[in-house]
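In: I'd like to go over a predicted model; first the sequence, then the structure.
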Amino acid sequence: MENDNNLYIGVDVGTASARAALVNKHGVILKSSQQEIQIWEPAADFYEQSSEDIWRAVCHVVKTVSDGVDVNCIHGIGFDATCSLVVMDTNFQPITVSPSGDNNQNIIMWMDHRASKQADFINSTKHDVLKFVGGTISLEQEPPKLLWLKQNLPKQCWDKAGHFFELPDFLTWKATGSLTRSLCCLVSKWMYQANETSQHWSDSFLQQIGLEELIENNYSKIGIDVQSPGKPVGAGLTESAASQLGLKVGTPVATSLIDAHAGGVGVMECGVKGQGLPLENEPITSRLPLICGTSSCHMAISEKAKFVDGVWGPYYSAMVPGYWLNEGGQSATGKLIDHVIKTHPAYQQILEQAEQSGSNIYKKKNYYAVLNNHATKLVERKHTASLGQLTKDFHVWPDFHGNRSPIADSSLKGMICGLSLSTDIDNLCVLYLSTVQALALGTRHIIDALEKAGHKISSLIACGGLSKNPVFVQIHADATGLPVVLPREQESVLLGAAILGACASGDFSSVQEAMSKMSGVGEVVKPEEQERDYYNRKYKVFHRMVQHQQEYHQLMSE
């Protein structure tokens, strides 16, 4: 540490935990810490959190990674978080978003699906701004949730609300006292309009959907001071925040990013030199970051705006300043894999084997390692050509929590074809592999939509918890036919947040410079050529399954 005097802290607030990392100027994570955060589920499809609980967790992890470090060496701090909606009253106190009425529950989480009717209404307006979300707003974005609060909690919440924040912007406000908002957050989740020459709220959109109150007092409830990610916020850490975080007053704080976007910043410049691959000399616009955790995001950038049906964007400067972003995604990825494992009768057997193994590879997800090992043995017993081909007669459609893209239909449901009366570990193993394959084919579906609109994708760059699962990675390479790059630094979301802090410190002239100097050389996982035909056939089944679901819905609606 003594040789790397310039240090930065990256903070990532994910779905279930807050994390922090101490990172040096070369992009190497020196220390990290994690603290769980609370989630409430007061009703079906309702997911809520507490801003106070999250801030306590952030303070704990930052203090942990900075313990024993000269705070004068910490030149900047960057925050990222999920795209969740935080509500405060006019005195900046938490105010309830919950049917429970508890003011501690003042965050509607990103994966909350309460606002389906409101999303349908907004989409029925056909307002011109909807072209920037692939033609269809998602109930995971903020306008439907804001409208739900107005219609369902007028007295408990809406009439008392003084400030609505995206969670990343709440964190920078808490750290600096500044109401500056991130361009990333507003264009991606709030329908804020931005391009190379201008940026503004759409009054006509807010009026047409019934949120005209947000225009009042110069947009005081939703923000008017908007900056690009990485720009310094206010005067840095306030005295109060510095004391709570264990850092120096005035430490530069960067304008924030949504967590998936931070992952993109952390991996986009990951090097592949010296491996003799065609993608070595291709532009970063040919790379598709795949940020895969509880959900997945597919982040495609371009020099000019590209409109993709069913895919969010194009958003200007939402991830890499100066580039347009299209954001595809899957609403349930790690959450889906865990669901199919934990609800299977053989789950307890797998859990016992995982505990006996003592493996820490996947932390709480040791059962991934057990299932991967069992699948390898099953290939030998069944004499199949490969691990992937164990699922020849078993197929999954993965939209158990709706389709984010490219169909953009939150009402779609999951499907499983090939069930039998078997409840043993072999059966669970095949279900697990089929689910991973379905998610990988969903990624292929998104890539097809991106390329149809003019993107040219030649590689995936994977980060997030699922990128540590070698079976998940290899199946994505095989199903898409593309090489998958695994960054040197596996915790790329934390690295992306630290890159923001490095940029805000002034040690680097731009986010792009910090990205290029703090990213290392990655490992490349190549697709198995002999699997191409198999996955082409699986992809045909994949499309047929959703067609059947849509036909069934039509039949039952007659």
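Out: Done, it's in. Residues are numbered from 1 along each chain as shown.
In: what's downstream of the strand or helix carrying residue 373, the next helix or strand?
Out: Per DSSP states H and E: residue 373 is located in helix 366-382. Going down the chain from helix 366-382, the next helix or strand is strand 395-397, by DSSP H and E.
In: Quick one: mean pLDDT for that following strand?
Out: For strand 395-397, the mean pLDDT works out to 98.
In: Show me the contact partners of it.
Out: 412, 414-418, 431, 434-435, 437-438, 538, 541-542, 545-546, 549 (C-beta atoms under 8 Å, 6 or more residues apart in numbering). In this view, the C-beta of every residue, glycine as well, is placed from N, C-alpha and C.
In: Among the residues you listed, which ones are in strands?
Out: 415, 416, 417 (DSSP state E).
In: quick one, what contacts the last one?
Out: Same thing as residue 417. 394, 395, 396, 541, 545.
In: The second one now?
Out: Residues touching residue 416, when contacts are defined by C-beta under 8 Å, 6+ apart, comprise 394, 395, 396, 397, 431, 434.
In: measure residue 159 to residue 201 for me?
Out: When distance is defined by C-beta to C-beta, to the nearest Å, residue 159 is 21 Å away from residue 201.
In: So for these two, which sits in the more crowded spot?
Out: Between residue 159 and residue 201, counting by other C-beta atoms under 10 Å, residue 201 is the more crowded of the two (20 against 10).
In: Isn't the more buried one up against residue 216?
Out: No. Assessed by C-beta atoms under 8 Å, residue 201 is found out of contact with residue 216, at 11.8 Å.
In: In the helix or strand of the chain with the lowest mean pLDDT, which residues are buried?
Out: Every helix and strand in the chain was compared by mean pLDDT, DSSP states H and E; the lowest is helix 347-357, with a mean of 86. Buried positions in helix 347-357, judged by neighbour count with 16 or more other C-beta atoms under 10 Å: 347, 350, 353, 354.
In: Stretch 219-233 too?
Out: 219, 221, 222, 223, 226, 227, 228, 229, 230, 231, 232, 233.
In: Please identify which pair of these lies farthest apart.
Out: Pairwise distances among the buried residues of stretch 219-233 were taken by C-beta to C-beta; the largest, 25.4 Å, belongs to 221 and 230.
In: how many other residues sit next to residue 72?
Out: 10.
In: Check residue 323 too.
Out: For residue 323, the count of nearby residues is 20 (other C-beta under 10 Å).
In: In space, what's closest to residue 140 - neighbours in sequence excluded?
Out: Counting by C-beta to C-beta, 6 or more residues apart in numbering, residue 110 is the residue found nearest to residue 140 once chain neighbours are left out, at 5.7 Å.
In: ok, that neighbour - contacts?
Out: By C-beta under 8 Å, 6+ apart, the contact set of residue 110 is 15, 82, 83, 84, 140, 295.
In: what are the phi and psi values for the fourth one?
Out: The one in question is residue 84. For residue 84, the backbone dihedrals (degrees, to the nearest 10) come out as phi -110, psi 150.
In: Please apply the same query to the second one.
Out: The phi/psi pair for residue 82 (degrees, to the nearest 10) reads phi -70, psi 160.
In: What's opposite residue 486 in the beta bridge?
Out: The bridge-partner assignment for residue 486, based on DSSP bridges, gives residue 523.
In: Redo the ones in strands among the contacts of strand 395-397 as TSV? Include pLDDT.
Out: Below are these laid out as TSV (pLDDT from 0 to 100):
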residue	pLDDT
415	98
416	98
417	98
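In: Show me which of the residues you listed is closest to residue 154.
Out: Among these, residue 415 lies closest to residue 154 (C-beta to C-beta), at 38.9 Å.
In: Neighbours of the closest residue to the closest one other than its chain neighbours, how many?
Out: In space, and not counting its chain neighbours, residue 415 is closest to residue 397: 3.8 Å by C-beta to C-beta, 6+ apart. Neighbour count for residue 397, taken as other C-beta under 10 Å: 23.
In: Would you mind listing the buried residues in stretch 125-134?
Out: 127, 129, 130, 132, 133, 134.
In: between those residues, which is nearest residue 103?
Out: residue 133 (31.2 Å).
In: Pretty sure residue 312 is one of the things the closest one touches, is it not?
Out: Yes. Using C-beta under 8 Å, residue 133 is in contact with residue 312, at 5.1 Å.
In: Grab the most central residue of this structure for me.
Out: Nearest residue to the geometric centre of the chain (C-alpha atoms, centre = their mean): residue 260, 3.6 Å.
In: element containing that residue?
Out: helix 259-267.
In: Tell me which residues of that helix come out buried.
Out: Buried, per 16+ other C-beta under 10 Å, within helix 259-267: 259, 260, 261, 262, 263, 264, 265, 266, 267.
In: helices and strands around that helix, which ones?
Out: If you count contacts as 3 or more C-beta pairs under 8 Å, 6 or more residues apart in numbering; DSSP states H and E, helix 259-267 packs onto strand 7-13, strand 74-81, strand 287-292, strand 296-302, strand 324-330, strand 459-463, helix 492-505.
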